[in-house]
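>>> Give the three-dimensional model of this entry:
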Amino acid sequence: MGIRDFFKKGLKEKARPVADASEDANDGVGRILFQTRWRSSALFADNSLIQNVAQHIILEDPFCKPFGGLEDEAIARTNRQIYEYEQVTTLNVAIKDGNLMIEGLSLGKLPAEQWNEISPYYGKKDFTAFVYVTGGRYKIYSDASKTVETAYTPYDLDIFVQFE
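Here you go, the predicted structure:
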């Protein structure tokens with residue numbers, strides 16, 4: 001199996017929990033046992049903390065290009081909202097005793113529903129997580145004014161969690 005086959009296979013797997021494989025079987029190594037996606041605004045009520053964490057992630061990303069490096073003329077041709085930091089992400093995510101930590105900053109304890117989702121795997125299986133910054137300033141072409149306009153929505157965080 002080549003590297004392309006590996007990535008193609010990984011993309012086709014469903015995002016759902018599966019029964020634990022026998023610990024004796026080596027063919028289960030690297031298999032995704034559970035994966036999920038959470039929105040930080042749905043988990044935590046402290047919006048100012050979410051804004052702070054998002055800004056911290058943005059400052060820590062060395063490859064950050066506002067608006068994807070696009071000029072207004074290119075944004076006008078895309079016919080969609082282009083967020084200033086839509087590709088900013090971090091892998092610096094940890095869950096310690098139910099407390100969600102991103103870039104060393106605590107967002108707080110996970111709600112019971114999410115903790116119950118991951119607790120069968122927590123501490124027993126390999127953990128991988130990453131976070132994308134969503135929201136913030138964006139530009140979009142306005143047909144009414146025939147110009148590219150700038151608007152703002154509060155930052156949010158898309159949190160992806162996986163256990164193997």
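
>>> Show me where this protein has its strands.
Using DSSP state E, the strands of the chain run over 34-39, 82-83, 89-90, 93-96, 99-102, 105-109, 127-142, 147-163.

>>> nearest to residue 55, of those strands?
Distances from residue 55 to each of the strands of the chain were compared using CB to CB; the shortest belongs to strand 147-163, at 7.3 Å. Where C-beta positions appear, they are placed from N, C-alpha and C, glycine not excepted.

>>> coming back round to it: pick the most buried one from the strands of the chain.
Of all those, strand 82-83 carries the top mean neighbour count, a mean of 20, counting by mean count of other CB atoms under 10 Å.

>>> can you give me how far that one is from the chain middle?
16 Å (CA atoms, centre = their mean, to the nearest Å).

>>> For it, which strands pair with it and how are they oriented?
Sheet pairing here is set by DSSP bridges, and for strand 82-83 it gives strand 127-142 (antiparallel).

>>> and the partner strand with strand 147-163, angle?
Computed by axes from the mean of the first three to the mean of the last three CA atoms, to 10 degrees, the angle separating strand 127-142 from strand 147-163 equals 170 degrees.

>>> Just the CA trace of strand 127-142, in PDB.
Presented in PDB, the C-alpha positions along strand 127-142 are these (Å, rounded to 0.1, in the frame of the first residue of the first chain):
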ATOM      1  CA  PHE A 127      -5.200  11.000  21.600                       C
ATOM      2  CA  THR A 128      -5.000  13.500  18.700                       C
ATOM      3  CA  ALA A 129      -6.700  16.900  18.600                       C
ATOM      4  CA  PHE A 130      -6.500  20.100  16.600                       C
ATOM      5  CA  VAL A 131      -8.400  23.400  16.600                       C
ATOM      6  CA  TYR A 132      -9.300  25.800  13.800                       C
ATOM      7  CA  VAL A 133     -10.100  29.400  14.400                       C
ATOM      8  CA  THR A 134     -13.400  30.500  12.800                       C
ATOM      9  CA  GLY A 135     -15.100  33.800  12.600                       C
ATOM     10  CA  GLY A 136     -13.400  37.200  13.000                       C
ATOM     11  CA  ARG A 137     -13.100  39.900  10.400                       C
ATOM     12  CA  TYR A 138     -14.100  38.900   6.900                       C
ATOM     13  CA  LYS A 139     -14.400  40.400   3.500                       C
ATOM     14  CA  ILE A 140     -17.100  39.800   0.900                       C
ATOM     15  CA  TYR A 141     -18.100  41.400  -2.300                       C
ATOM     16  CA  SER A 142     -21.300  43.400  -2.200                       C
END
